[in-house]
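1. test case, fold it:
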Amino acid sequence: MARIHLNARKVQSLQAGPKRIQVFDKSQPNLALRIAASGVKSWSVVYKWNGRMKRLTIGTYPAVSLADARNRAFDALRNMARGDDPQAQKISIREAGTFAELAAQYMEEWAKINKRSWREDQRKFDVYLLPKWKHAKASAITIDDVELLLEQLALRAPIQANRVRALIRHVYAWALAKRTRRKKYALENNPCAFVPKLAKERARDRVYSDDELKALWKAFDAIGVVGDLFKLQLLTAARPKSPKWTGTNSISREPSGRNPAREPRIGKCMSFRSASRPCEFSKPGGSIRRN
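-> So this is what the prediction gives:
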(Lines give C-alpha, C1' and ligand atoms only; values in the text may rest on other atoms or scores of the structure.)
Protein backbone atom coordinates (compact mmCIF):
# COMPACT_ATOMS: atom_id res chain seq x y z
CA MET A 1 0.00 0.00 0.00
CA ALA A 2 2.06 2.91 -1.37
CA ARG A 3 1.93 6.30 0.33
CA ILE A 4 3.33 9.23 -1.59
CA HIS A 5 3.24 13.02 -1.51
CA LEU A 6 0.66 13.80 -4.18
CA ASN A 7 0.54 17.02 -6.15
CA ALA A 8 -1.36 18.01 -9.29
CA ARG A 9 1.51 17.07 -11.62
CA LYS A 10 2.09 13.74 -9.89
CA VAL A 11 -1.58 12.77 -10.11
CA GLN A 12 -1.62 13.59 -13.81
CA SER A 13 1.56 11.64 -14.56
CA LEU A 14 0.63 8.39 -12.79
CA GLN A 15 0.07 5.65 -15.38
CA ALA A 16 -2.09 2.52 -15.33
CA GLY A 17 -0.53 -0.94 -15.08
CA PRO A 18 -1.76 -4.42 -15.99
CA LYS A 19 -3.65 -4.48 -12.69
CA ARG A 20 -5.42 -1.84 -10.65
CA ILE A 21 -3.07 0.44 -8.72
CA GLN A 22 -3.88 2.22 -5.45
CA VAL A 23 -1.83 4.95 -3.82
CA PHE A 24 -2.52 6.92 -0.64
CA ASP A 25 -1.95 10.61 -0.11
CA LYS A 26 0.48 11.42 2.68
CA SER A 27 -0.97 14.91 3.11
CA GLN A 28 -4.56 13.79 3.69
CA PRO A 29 -5.08 10.66 5.81
CA ASN A 30 -7.29 7.92 4.34
CA LEU A 31 -7.45 9.51 0.87
CA ALA A 32 -6.69 6.99 -1.89
CA LEU A 33 -6.25 7.33 -5.65
CA ARG A 34 -7.17 4.23 -7.64
CA ILE A 35 -5.97 3.75 -11.20
CA ALA A 36 -7.78 1.02 -13.15
CA ALA A 37 -6.15 -1.00 -15.92
CA SER A 38 -8.25 1.06 -18.35
CA GLY A 39 -6.57 4.24 -17.09
CA VAL A 40 -9.58 5.62 -15.19
CA LYS A 41 -8.51 7.38 -11.99
CA SER A 42 -10.90 7.66 -9.03
CA TRP A 43 -10.72 9.08 -5.52
CA SER A 44 -11.97 7.30 -2.43
CA VAL A 45 -11.76 7.45 1.37
CA VAL A 46 -10.85 4.22 3.14
CA TYR A 47 -11.90 4.03 6.80
CA LYS A 48 -12.89 1.62 9.53
CA TRP A 49 -16.47 1.59 10.85
CA ASN A 50 -17.64 -0.77 13.59
CA GLY A 51 -14.58 -2.94 13.04
CA ARG A 52 -15.06 -3.23 9.26
CA MET A 53 -13.06 -1.57 6.51
CA LYS A 54 -15.25 0.54 4.24
CA ARG A 55 -14.67 2.64 1.14
CA LEU A 56 -16.42 5.88 0.16
CA THR A 57 -15.99 6.82 -3.51
CA ILE A 58 -15.90 10.60 -3.87
CA GLY A 59 -15.33 11.12 -7.61
CA THR A 60 -13.16 10.58 -10.63
CA TYR A 61 -10.12 12.50 -11.82
CA PRO A 62 -9.87 15.07 -13.46
CA ALA A 63 -13.50 16.04 -12.75
CA VAL A 64 -12.54 16.03 -9.07
CA SER A 65 -9.14 17.64 -8.57
CA LEU A 66 -6.63 16.75 -5.87
CA ALA A 67 -7.64 19.81 -3.82
CA ASP A 68 -11.34 18.92 -4.07
CA ALA A 69 -10.63 15.30 -3.16
CA ARG A 70 -8.74 16.37 -0.06
CA ASN A 71 -11.59 18.66 1.02
CA ARG A 72 -14.18 15.92 0.53
CA ALA A 73 -12.05 13.40 2.39
CA PHE A 74 -11.66 15.85 5.28
CA ASP A 75 -15.45 16.38 5.41
CA ALA A 76 -16.11 12.64 5.39
CA LEU A 77 -13.68 12.00 8.26
CA ARG A 78 -15.15 14.91 10.21
CA ASN A 79 -18.64 13.42 9.87
CA MET A 80 -17.28 10.06 10.97
CA ALA A 81 -15.81 11.70 14.07
CA ARG A 82 -19.28 13.04 14.85
CA GLY A 83 -20.70 9.53 14.74
CA ASP A 84 -22.02 9.42 11.16
CA ASP A 85 -21.06 6.70 8.71
CA PRO A 86 -19.97 8.60 5.54
CA GLN A 87 -20.99 5.76 3.23
CA ALA A 88 -24.43 5.34 4.83
CA GLN A 89 -24.89 9.11 4.67
CA LYS A 90 -24.13 9.11 0.95
CA ILE A 91 -26.65 6.30 0.37
CA SER A 92 -29.36 8.15 2.35
CA ILE A 93 -28.81 11.28 0.26
CA ARG A 94 -28.98 9.27 -2.96
CA GLU A 95 -32.24 7.63 -1.86
CA ALA A 96 -33.75 10.78 -0.31
CA GLY A 97 -37.15 12.03 -1.41
CA THR A 98 -37.67 14.58 -4.15
CA PHE A 99 -39.18 18.03 -3.79
CA ALA A 100 -42.36 16.75 -5.46
CA GLU A 101 -42.68 14.07 -2.78
CA LEU A 102 -42.10 16.63 -0.04
CA ALA A 103 -44.74 18.94 -1.53
CA ALA A 104 -47.28 16.10 -1.73
CA GLN A 105 -46.64 15.03 1.86
CA TYR A 106 -46.90 18.63 3.09
CA MET A 107 -50.23 19.08 1.34
CA GLU A 108 -51.74 15.85 2.67
CA GLU A 109 -50.40 15.93 6.22
CA TRP A 110 -50.52 19.64 6.99
CA ALA A 111 -52.04 22.06 4.47
CA LYS A 112 -55.31 20.23 3.76
CA ILE A 113 -55.84 19.63 7.47
CA ASN A 114 -54.90 23.05 8.82
CA LYS A 115 -55.48 25.58 6.04
CA ARG A 116 -58.73 26.63 4.41
CA SER A 117 -56.59 28.15 1.64
CA TRP A 118 -54.81 24.88 0.86
CA ARG A 119 -55.93 25.02 -2.77
CA GLU A 120 -53.94 28.22 -3.19
CA ASP A 121 -50.84 26.42 -1.85
CA GLN A 122 -51.43 23.63 -4.34
CA ARG A 123 -51.71 26.19 -7.14
CA LYS A 124 -48.38 27.74 -6.16
CA PHE A 125 -46.74 24.32 -6.22
CA ASP A 126 -48.23 23.46 -9.61
CA VAL A 127 -47.54 26.81 -11.29
CA TYR A 128 -44.28 28.05 -9.79
CA LEU A 129 -42.37 25.32 -7.95
CA LEU A 130 -42.95 21.85 -9.40
CA PRO A 131 -42.15 22.83 -12.99
CA LYS A 132 -38.67 23.82 -11.76
CA TRP A 133 -37.96 21.39 -8.90
CA LYS A 134 -40.26 18.38 -9.41
CA HIS A 135 -37.47 15.82 -9.88
CA ALA A 136 -34.81 17.51 -7.73
CA LYS A 137 -33.93 16.08 -4.34
CA ALA A 138 -35.48 18.20 -1.62
CA SER A 139 -32.08 18.37 0.07
CA ALA A 140 -30.43 19.53 -3.17
CA ILE A 141 -32.38 22.81 -3.32
CA THR A 142 -30.00 25.60 -2.30
CA ILE A 143 -30.41 29.22 -1.29
CA ASP A 144 -29.17 30.16 -4.78
CA ASP A 145 -31.92 28.06 -6.38
CA VAL A 146 -34.54 29.78 -4.23
CA GLU A 147 -33.22 33.27 -4.93
CA LEU A 148 -33.06 32.65 -8.69
CA LEU A 149 -36.62 31.34 -8.85
CA LEU A 150 -38.02 34.21 -6.77
CA GLU A 151 -36.07 36.88 -8.65
CA GLN A 152 -37.45 35.63 -11.97
CA LEU A 153 -40.98 35.55 -10.57
CA ALA A 154 -40.65 39.01 -9.00
CA LEU A 155 -39.99 40.56 -12.42
CA ARG A 156 -43.62 39.96 -13.38
CA ALA A 157 -45.37 39.38 -10.04
CA PRO A 158 -43.44 40.81 -7.06
CA ILE A 159 -46.16 40.27 -4.43
CA GLN A 160 -46.71 36.72 -5.63
CA ALA A 161 -42.98 36.15 -5.23
CA ASN A 162 -43.36 37.04 -1.53
CA ARG A 163 -46.19 34.51 -1.19
CA VAL A 164 -44.18 31.76 -2.89
CA ARG A 165 -41.21 32.57 -0.64
CA ALA A 166 -43.41 32.16 2.42
CA LEU A 167 -44.65 28.78 1.17
CA ILE A 168 -41.13 27.44 0.49
CA ARG A 169 -39.96 28.64 3.90
CA HIS A 170 -42.88 26.99 5.70
CA VAL A 171 -42.60 23.69 3.80
CA TYR A 172 -38.97 23.23 4.79
CA ALA A 173 -39.57 24.38 8.36
CA TRP A 174 -42.37 21.81 8.61
CA ALA A 175 -40.15 19.05 7.21
CA LEU A 176 -37.25 19.91 9.52
CA ALA A 177 -39.48 19.86 12.60
CA LYS A 178 -39.66 16.06 12.73
CA ARG A 179 -36.84 13.52 12.73
CA THR A 180 -38.55 11.06 10.36
CA ARG A 181 -39.07 13.77 7.75
CA ARG A 182 -35.51 15.05 8.12
CA LYS A 183 -34.25 11.53 7.53
CA LYS A 184 -36.60 10.79 4.63
CA TYR A 185 -35.51 13.89 2.72
CA ALA A 186 -31.94 14.10 4.09
CA LEU A 187 -32.51 17.67 5.23
CA GLU A 188 -30.15 19.68 7.39
CA ASN A 189 -31.22 23.27 6.78
CA ASN A 190 -33.92 25.49 5.30
CA PRO A 191 -32.75 26.94 1.94
CA CYS A 192 -35.22 29.81 2.32
CA ALA A 193 -34.28 30.77 5.88
CA PHE A 194 -32.15 33.79 4.91
CA VAL A 195 -33.90 34.82 1.69
CA PRO A 196 -35.52 38.26 2.21
CA LYS A 197 -38.79 39.42 0.71
CA LEU A 198 -38.30 40.71 -2.81
CA ALA A 199 -41.11 43.26 -2.73
CA LYS A 200 -42.15 45.78 -0.11
CA GLU A 201 -45.82 45.51 0.81
CA ARG A 202 -48.05 48.19 2.29
CA ALA A 203 -51.23 47.58 4.26
CA ARG A 204 -54.29 49.13 2.64
CA ASP A 205 -57.48 50.37 4.29
CA ARG A 206 -60.79 49.61 2.61
CA VAL A 207 -63.92 51.59 3.54
CA TYR A 208 -67.33 50.86 2.04
CA SER A 209 -69.13 53.76 0.38
CA ASP A 210 -72.77 54.61 1.18
CA ASP A 211 -73.95 53.02 -2.05
CA GLU A 212 -72.01 49.85 -1.30
CA LEU A 213 -73.50 49.65 2.19
CA LYS A 214 -77.03 49.98 0.77
CA ALA A 215 -76.34 47.25 -1.78
CA LEU A 216 -74.94 44.97 0.91
CA TRP A 217 -77.94 45.54 3.18
CA LYS A 218 -80.35 44.58 0.38
CA ALA A 219 -78.29 41.51 -0.41
CA PHE A 220 -78.33 40.46 3.25
CA ASP A 221 -82.15 40.80 3.28
CA ALA A 222 -82.33 38.32 0.41
CA ILE A 223 -80.46 35.48 2.14
CA GLY A 224 -82.46 35.21 5.34
CA VAL A 225 -80.98 34.32 8.73
CA VAL A 226 -77.43 34.19 7.43
CA GLY A 227 -77.92 37.71 6.16
CA ASP A 228 -78.90 38.79 9.68
CA LEU A 229 -75.55 37.53 10.92
CA PHE A 230 -73.76 39.53 8.25
CA LYS A 231 -75.72 42.61 9.28
CA LEU A 232 -74.68 42.08 12.88
CA GLN A 233 -71.05 41.83 11.84
CA LEU A 234 -71.36 44.95 9.70
CA LEU A 235 -72.93 46.99 12.51
CA THR A 236 -70.46 45.90 15.19
CA ALA A 237 -67.35 45.87 12.99
CA ALA A 238 -66.53 42.53 14.60
CA ARG A 239 -64.14 40.11 12.99
CA PRO A 240 -65.40 36.59 12.19
CA LYS A 241 -65.45 34.38 15.30
CA SER A 242 -64.76 37.45 17.47
CA PRO A 243 -68.14 38.04 19.19
CA LYS A 244 -69.18 35.77 22.04
CA TRP A 245 -72.79 35.45 23.18
CA THR A 246 -73.15 36.07 26.90
CA GLY A 247 -76.94 35.82 27.10
CA THR A 248 -80.14 36.51 25.24
CA ASN A 249 -79.87 40.26 25.58
CA SER A 250 -76.30 41.07 24.61
CA ILE A 251 -73.06 40.06 23.02
CA SER A 252 -69.54 40.81 24.11
CA ARG A 253 -66.07 40.30 22.71
CA GLU A 254 -63.30 38.06 23.91
CA PRO A 255 -60.84 39.91 26.21
CA SER A 256 -58.66 42.01 23.97
CA GLY A 257 -56.98 44.47 26.29
CA ARG A 258 -59.50 47.21 25.41
CA ASN A 259 -61.91 48.97 27.74
CA PRO A 260 -65.04 46.74 28.10
CA ALA A 261 -67.21 49.83 28.66
CA ARG A 262 -66.47 50.91 25.12
CA GLU A 263 -67.42 47.59 23.51
CA PRO A 264 -70.84 47.51 21.76
CA ARG A 265 -73.70 45.71 23.50
CA ILE A 266 -76.77 45.14 21.39
CA GLY A 267 -80.14 44.65 23.10
CA LYS A 268 -82.64 42.00 22.11
CA CYS A 269 -85.04 44.69 20.95
CA MET A 270 -83.14 44.99 17.69
CA SER A 271 -84.72 43.32 14.66
CA PHE A 272 -82.73 43.30 11.46
CA ARG A 273 -85.75 42.25 9.48
CA SER A 274 -87.50 45.50 10.40
CA ALA A 275 -84.51 47.71 9.82
CA SER A 276 -86.45 50.06 7.58
CA ARG A 277 -86.87 52.45 10.51
CA PRO A 278 -83.69 54.28 11.51
CA CYS A 279 -82.03 53.32 14.78
CA GLU A 280 -79.66 55.14 17.04
CA PHE A 281 -77.27 53.78 19.63
CA SER A 282 -77.48 54.91 23.22
CA LYS A 283 -74.36 55.51 25.24
CA PRO A 284 -71.76 52.68 25.38
CA GLY A 285 -73.04 49.82 27.46
CA GLY A 286 -76.67 50.65 26.64
CA SER A 287 -79.06 49.29 24.06
CA ILE A 288 -80.47 50.34 20.72
CA ARG A 289 -83.69 52.36 20.53
CA ARG A 290 -85.79 53.11 17.50
CA ASN A 291 -87.00 56.54 16.54
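2. pLDDT at Leu216, what is it?
-> Note on Leu216: pLDDT of 85.
3. residues in contact with it?
-> Taking CB atoms under 8 Å, 6 or more residues apart in numbering, we find Leu216 in contact with Tyr208, Phe230, Leu234. The way it works is simple: take the backbone N, C-alpha and C, and place the C-beta from them, glycine included.
4. now the last one: closest residue in space that isn't a chain neighbour?
-> This means Leu234. Sequence neighbours aside, Leu216 is the residue nearest to Leu234 in space, at 6.9 Å (criterion: CB to CB, 6 or more residues apart in numbering).
5. wait, is the one you found part of a strand?
-> No: the secondary structure assignment for Leu216 gives helix rather than a strand, going by DSSP: H, G, I helix; E, B strand; the rest coil.
6. helices or strands next to the host helix or strand of Ala67 in the packing?
-> Mapping Ala67 onto the secondary structure by DSSP states H and E places it in helix 66-81. With contacts defined as 3 or more CB pairs under 8 Å, 6 or more residues apart in numbering; DSSP states H and E, the secondary structure elements packing on helix 66-81 are strand 31-35, strand 41-49, strand 52-61, helix 86-94.
7. looking at these, which is buried most?
-> The densest packing among those, expressed as mean neighbour count by mean count of other CB atoms under 10 Å, is seen in strand 31-35 with a mean of 21.
8. what sits up against that strand?
-> Among residues not part of strand 31-35, those counted as contacts by CB under 8 Å, 6+ apart are 6, 11, 14-17, 20-25, 41-46, 55, 61, 69-70, 73.
9. same deal with stretch 116-126?
-> Among residues not part of stretch 116-126, those counted as contacts by CB under 8 Å, 6+ apart are Ala103, Met107, Ala111, Lys112, Lys115, Arg163, Val164, Leu167.
10. and it, what's buried?
-> For stretch 116-126, the neighbour count (16 or more other CB atoms under 10 Å) marks Trp118, Asp121, Gln122, Lys124, Phe125 as buried.
11. host element of Gly227?
-> helix 225-236.
12. other SSEs contacting that helix?
-> In this structure, helix 225-236 makes packing contacts with helix 210-222, judged by 3+ CB pairs under 8 Å, 6+ apart.
13. buried ones in the helix it packs on?
-> Using 16+ other CB under 10 Å as the burial criterion, the residues of helix 210-222 that qualify are Phe220.
14. just give me how far that helix sits from the chain centre.
-> Distance of helix 210-222 from the chain centroid (CA atoms, centre = their mean, to the nearest Å) equals 41 Å.
15. determine the longest helix present in this structure.
-> Secondary structure of the chain read by DSSP state H shows that its longest helix is helix 158-176.
16. buried stuff in it?
-> Of all the residues in helix 158-176, those buried under the rule 16+ other CB under 10 Å are 160-162, 164-165, 167-172, 174-176.
17. so what touches that helix?
-> 102-103, 106, 110, 121, 124-125, 128-129, 138, 146, 149-151, 153-154, 181-182, 185, 187, 189-193, 195, 197-199, 201.
18. tell me who's in contact with Pro29.
-> Pro29 makes contact with Ala73, Leu77 under the criterion CB under 8 Å, 6+ apart.
19. I misspoke; the intended subject was Trp49.
-> Met80, Asp85, Gln87.
20. so which of these comes closest to Asp221?
-> Of all those, Asp85 has the smallest distance to Asp221: 71.7 Å, by CB to CB.
21. the closest one: how many residues sit nearby?
-> Residues contacting Asp85 under the criterion other CB atoms under 10 Å number 17.
22. and the longest helix of the chain, how far out from the chain middle?
-> On CA atoms, centre = their mean, the centre of helix 158-176 falls 4 Å from the chain's centre.
23. ok, now stretch 74-92?
-> With CA atoms, centre = their mean as the basis, the mean position of stretch 74-92 lies at 27 Å from the chain mean.
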